[in-house]
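*Asks:* Task: produce atomic coordinates for the following.
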Amino acid sequence: MSNQGVEVSVVIPCLNEEGAIGDCVNKIKQVFSKHNISGEIVVVDNNSTDNSAAIAASCGGRVVFQPVKGYGAAYLKGLETAVGEYIIIGDGDNSYDFNEIPKIVSFLKCGYDLVMGSRFKGKIHKNSMPWLNRYVGNPVLSGLCRLFFCTKLSDIHCGMRGFTKEAYKIMNLKCLGMEFATEIVMEALQKRLKIKEIPIDYHPRKGNSKLRPLKDAWRHIRFMLLFCPTWLYLFPGLVLTILGVFALLGLVRGPVFFLGHSWDIHVMVLFSLLSILGYQLINLGMYARTFAVQQGYIVQDKIISRLTKYFRLESGILAGFLLFALGFGISLGIFIEWWNSSFGPLFRIRESILAMTFLILGLQTIFSSFFISLLIIRR
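*Replies:* Take a look at the predicted model:
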């Protein structure tokens, strides 16, 4: 079949799947024939040491080789060679029902850019998913994605999904490892692609699993956090800063009796450190968010739009100077009192801690303003 006649490309990564890859290819061919779909089957051999590639080729799959190991690397190689207008991806372990292909394609033809399968909305057959993955791993990761990116997707790691060729180009996928599955979702959300989630069945796989639960889960979480500076930096920073500053102001007049204990200077030092740390996290969050938007890693949002529109270096310097002046004024008052007492004993530790905190926050504001101005400068 010529490339011009291909409507649907099914891309399957393959690493030592000789027990299942033949069944997968044959099932897809049957689906193509039954529904009169003009399609191709691209099997990406990712350094298999068994007969997977030979079996796939003998069953009618077009085998391409990817020497770079990795779930994402295999998919990127296959997607690069796929010629269909609509692309379906699915694992080669026979765990997904390729009879869902026509349904996925129908939604793509209706205008959706990405169609995601959901095992949790469908049926998870017995012995198909380990208990830890089913009730902890996948729900937690999907929940974090919903929290971070305001989506309603229930299964962001389902291995069966479809997208248009145009959507694939827009997403600009790059990840080579297991986080490739998360990257598709995040890129689609960031690029405002139209997403549809459909229920699918999940069956026991044939052969040994390649998943490394803890390591792979961390890679997914790390990837989401890198693309979500609001939750990584800004929210924790705001909490620490507000908590630290209010606690400092509450303790500056003297010890506070709370929960059966007296909270005094040592706790005040701790809250000073927390407020400084929190404010530094806020600054890092603004750097990261601004840089990510400017480089196209995340789309423009209201926070950065307003920052680039209204932020002025002079305003930042003024705000920093006022904070610094507040700390300096408190320090100056302490020094004058010390002067008037002929440099005798002085007990102004609480006020000194508060003054030091404001001095540091002021300087951070001034220098952060210079750095943010550099990030948003128009060239």
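*Asks:* Just the endpoints, please. Distance across stretch 82-100?
*Replies:* 19 Å (Cα to Cα, to the nearest Å).
*Asks:* Which positions within it qualify as buried?
*Replies:* 82-98, 100 (16 or more other Cβ atoms under 10 Å). Placement of C-beta: from N, CA and C, glycine included.
*Asks:* Just the ones of those residues in strands?
*Replies:* Those of these mapping onto strands are Tyr86, Ile87, Ile88, Ile89, per DSSP state E.
*Asks:* what sits against the third one?
*Replies:* The neighbourhood of Ile88, defined by Cβ atoms under 8 Å, 6 or more residues apart in numbering, consists of Val8, Ser9, Val10, Val11, Ile101, Ile104, Val105, Met160, Arg161, Gly162.
*Asks:* For burial, what's the neighbour tally of Glu314?
*Replies:* 10 (other Cβ atoms under 10 Å).
*Asks:* let's have the chain start at 55 instead
*Replies:* Sounds good: first residue 55 from here, last item Glu368.
*Asks:* isn't there a helix covering it?
*Replies:* Yes: according to DSSP: H, G, I helix; E, B strand; the rest coil, Glu368 belongs to a helix.
*Asks:* Check the gap between it and Gly374 for me.
*Replies:* 11 Å (Cβ to Cβ, to the nearest Å).
*Asks:* wait, which of the ones in strands among the buried residues of stretch 136-154 is closest to Gly231?
*Replies:* Nearest to Gly231 among those, counting by Cβ to Cβ, is Ile143 at 15.5 Å.
*Asks:* for the protein, what spans make up the strands?
*Replies:* Using DSSP E, the strands of the chain run over 62-68, 93-99, 116-119, 140-143, 168-172, 215-218, 249-253, 310-312, 315-317.
*Asks:* so which of those comes closest to Ala110?
*Replies:* Nearest of these to Ala110, taken as Cβ to Cβ: strand 93-99 at 4.0 Å.
*Asks:* Alpha carbons of the closest one, in PDB - could you do that?
*Replies:* Extracted C-alpha coordinates of strand 93-99, given in PDB (Å, rounded to 0.1, in the frame of the first residue of the first chain):
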ATOM      1  CA  GLY A  93      -4.100   1.800   7.700                       C
ATOM      2  CA  GLU A  94      -0.600   0.800   8.500                       C
ATOM      3  CA  ILE A  95       1.000  -0.900  11.500                       C
ATOM      4  CA  VAL A  96       4.300   0.500  12.700                       C
ATOM      5  CA  VAL A  97       6.100  -1.700  15.100                       C
ATOM      6  CA  VAL A  98       9.200   0.000  16.700                       C
ATOM      7  CA  ASP A  99      11.700  -2.600  17.900                       C
END
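*Asks:* for the record, mean pLDDT for it?
*Replies:* For strand 93-99, mean pLDDT rounds to 96.
*Asks:* That strand pairs with which strands, parallel or anti?
*Replies:* Neighbouring strands of strand 93-99 in its sheet, by DSSP bridges, are strand 62-68 (parallel), strand 116-119 (parallel).
*Asks:* Can you tell me which of those strands is nearest to Gly339?
*Replies:* Nearest of these (Cβ to Cβ): strand 62-68, 35.6 Å.
*Asks:* Name the surrounding residues that touch that closest one.
*Replies:* In contact with strand 62-68 (Cβ under 8 Å, 6+ apart) are residues 75, 78-79, 82, 86, 91-100, 102, 106-107, 110, 115, 125, 128-129, 132-133, 136-146, 152, 155, 159.
*Asks:* ditto for stretch 292-304
*Replies:* 310, 321-322, 325-333, 335-336, 407-408, 411.
*Asks:* With that, I have no additional questions.
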